[in-house]
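*Asks:* I would like to see how this sequence folds:
(2 chains)
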2 protein chains.
Amino acid sequence: MEKIVGIVVAAGKSKRFGEDKLLINIKGMPIVYYSIRKLHDIKDIEKIILVVRNEMLEYYKEKIKDWKLEKVYKLVLGGEERQDSVYNALKSVDFHCDYVLIHDAARPFVSIKKIEELIKFCTENSLSAILGIPVKDTIKVVDNTTKRIMETLDRSKLWIIQTPQMFPFEIIKEAHKKAREENFVGTDDASLVERLGIPVYVIEGEPFNIKITTKDDLLWMEGILSKSELV
Amino acid sequence: MEKIVGIVVAAGKSKRFGEDKLLINIKGMPIVYYSIRKLHDIKDIEKIILVVRNEMLEYYKEKIKDWKLEKVYKLVLGGEERQDSVYNALKSVDFHCDYVLIHDAARPFVSIKKIEELIKFCTENSLSAILGIPVKDTIKVVDNTTKRIMETLDRSKLWIIQTPQMFPFEIIKEAHKKAREENFVGTDDASLVERLGIPVYVIEGEPFNIKITTKDDLLWMEGILSKSELV
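*Replies:* Predicted coordinates:
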């Protein structure tokens, strides 16, 4: 069987949020718990690496034990940017690994079903794939200085990207290494692979798999929680 | 003072929704009520045209009276597509009008403050402008047949577009006329103006000004309603 390692990125500084959004409580547990738990519940994921900030290291060491998340076998320190954090995790893998599945700790609502779909697609086809949903709004390119609209995009081809994102281990590690060497910073892991001309596919996810980024997202969270089976 | 007419587009078939989403009840009143009401509460908007489907004409005739929305002085029948509906409304204007402010009936949560900001910008500068919010997710261009990612867009310039959208009356009427003559269908009104090379500006709106399009949006609605001053 293929060896799959999960990486949960919990090293953000919550710049756009103010406080540590990952510790916001949902039904008695912090957001980050649910995000790890989702990967933990997948049989095919054997081990999980959790990437955290230095000042949170002791907190997570203790909590991982309390929460009985035994698959989390390693805590890795995050870097300056999200991309550095993921790279630190990839470099820390010290055993044979076929695939990694990278997930934002701020996405607690992803469904087990979709993670399993993603794993099936990647392992059966030896490919990279990510979750996303088709854009339903009109998206325009705007000049940020003048605020004049430059272009209205053809939304029929646009997708909003989520995590998890899954890749053959050697491909994503190499992509991160190259990005670092060439000072390329992408907004997600897939973009680092795409720029090498290596195909990445999208699997249709679910709209409620949101990333808690700003205070406004707490409004969406309230709505999602009204559909209680999501966490 | 400038004459401003509001157009509320309530002629959609709720294709993506199933039932008539505009009649979904929020605190005792249907969604469409709040969308009209927001424009009605703006002092500068003198008259409102409501665009409806033929089978809903009697319903709205009665309700507009019940709801005491006196500024709604005309009900106009919608066309096949949203764009046809707006054009029908524009053609029906039979008095001098300087600006029109076009709003989706499925956006009940827009704030009065933002509508006023939009009106101020357009009337002071004699320009067209629309509400929107910066994209915070990663957006990719995907080949819809193979589902392979073709490109990751530079999100720093991307905006999600909302309504209201406001235009000098003669400009938007001409833009709709030309689009029709040239069989161009856009996903919003601004795109019809943009394609003529006429500048349209974006004003930063609010994330909760969502369009109720699919059943999933009802989840967001629950969240928004937990912040109760929005309707």
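*Asks:* what about the closest residue in space to residue A:157 that isn't next to it in sequence, how many residues close to it?
*Replies:* Nearest residue to residue A:157, sequence neighbours excluded (CB to CB, 6 or more residues apart in numbering or on different chains): residue B:141, at 5.0 Å. C-beta here means a position set from N, CA and C on the backbone, and glycine is covered the same way. Residue B:141 is flanked by 15 other residues according to other CB atoms under 10 Å in any protein chain shown.
*Asks:* host element of the closest residue to chain B within chain A?
*Replies:* The nearest approach of chain A to chain B comes at residue A:223, 3.0 Å away (CB to the nearest CB). Taking DSSP states H and E as the definition, residue A:223 sits inside helix A:217-225.
*Asks:* can you give me the mean pLDDT across that helix?
*Replies:* Per-residue pLDDT values across helix A:217-225 average out to 79.
*Asks:* What is the end-to-end distance of stretch A:138-151?
*Replies:* When the termini of stretch A:138-151 are compared using CA to CA, to the nearest Å, they are 11 Å apart.
*Asks:* List the contacts of that stretch.
*Replies:* Residues from elsewhere that reach stretch A:138-151, judged by CB atoms under 8 Å, 6 or more residues apart in numbering or on different chains: A:152-153, A:155, A:158, B:130, B:132, B:135, B:139, B:156-161, B:187-188, B:190-191, B:194, B:199-203.
*Asks:* Could you pull out the buried residues of that stretch?
*Replies:* Using 16 or more other CB atoms under 10 Å in any protein chain shown as the burial criterion, the residues of stretch A:138-151 that qualify are A:138, A:139, A:140, A:142, A:147, A:149.
*Asks:* next one: stretch A:58-72
*Replies:* So stretch A:58-72, judged by 16+ other CB under 10 Å, has buried residues A:60, A:63, A:64, A:67, A:69, A:71, A:72.
*Asks:* do the same with stretch A:117-137
*Replies:* Within stretch A:117-137, the residues scored as buried using 16+ other CB under 10 Å are A:117-119, A:121-123, A:127-133, A:135-137.
*Asks:* for chain A, which strand is longest?
*Replies:* Ordering each strand of chain A by length in residues (DSSP state E) puts strand A:158-168 first.
*Asks:* The next helix or strand after that one and chain B in contact?
*Replies:* Using DSSP H and E, the helix or strand that follows strand A:158-168 in sequence is helix A:169-181. No. Applying CB under 8 Å from any CB of the partner chain, one finds helix A:169-181 separated from chain B by no less than 12.5 Å.
*Asks:* Next: stretch A:107-124.
*Replies:* No. Against chain B, stretch A:107-124 shows no contacts by CB under 8 Å from any CB, the least distance being 9.5 Å.
*Asks:* Contacts only, for residue A:52.
*Replies:* By CB under 8 Å, 6+ apart, the contact set of residue A:52 is A:10, A:11, A:60, A:75, A:76, A:77, A:78.
*Asks:* Recalculate using a threshold of 7 Å.
*Replies:* By CB atoms under 7 Å, 6 or more residues apart in numbering or on different chains, the contact list for residue A:52 reads A:10, A:11, A:60, A:75, A:77, A:78.
*Asks:* Reformat these as CSV; add pLDDT.
*Replies:* Below are the contacts of residue A:52 laid out as CSV (pLDDT from 0 to 100):
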residue, pLDDT
A:10, 97
A:11, 94
A:60, 96
A:75, 98
A:77, 97
A:78, 96
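*Asks:* I'd like the list of the residues you listed that fall within strands, please.
*Replies:* Judged by DSSP E, the subset of these located in strands is A:10, A:75, A:77.
*Asks:* Just among those, which is most surrounded?
*Replies:* In terms of neighbour count, residue A:10 stands highest of the ones in strands among the contacts of residue A:52 at 24 neighbours, by other CB under 10 Å.
*Asks:* so what's it up against?
*Replies:* Residue A:10 sits next to A:22, A:32, A:50, A:51, A:52, A:105 when contact means CB under 7 Å, 6+ apart.
*Asks:* What is the burial count for the nearest residue to it once chain neighbours are set aside?
*Replies:* In space, and not counting its chain neighbours, residue A:10 is closest to residue A:105: 3.6 Å by CB to CB, 6+ apart. Residue A:105 is flanked by 25 other residues according to other CB under 10 Å.
*Asks:* who touches residue A:105 in this structure?
*Replies:* Applying CB under 7 Å, 6+ apart, the residues contacting residue A:105 are A:8, A:9, A:10, A:22, A:32, A:35.
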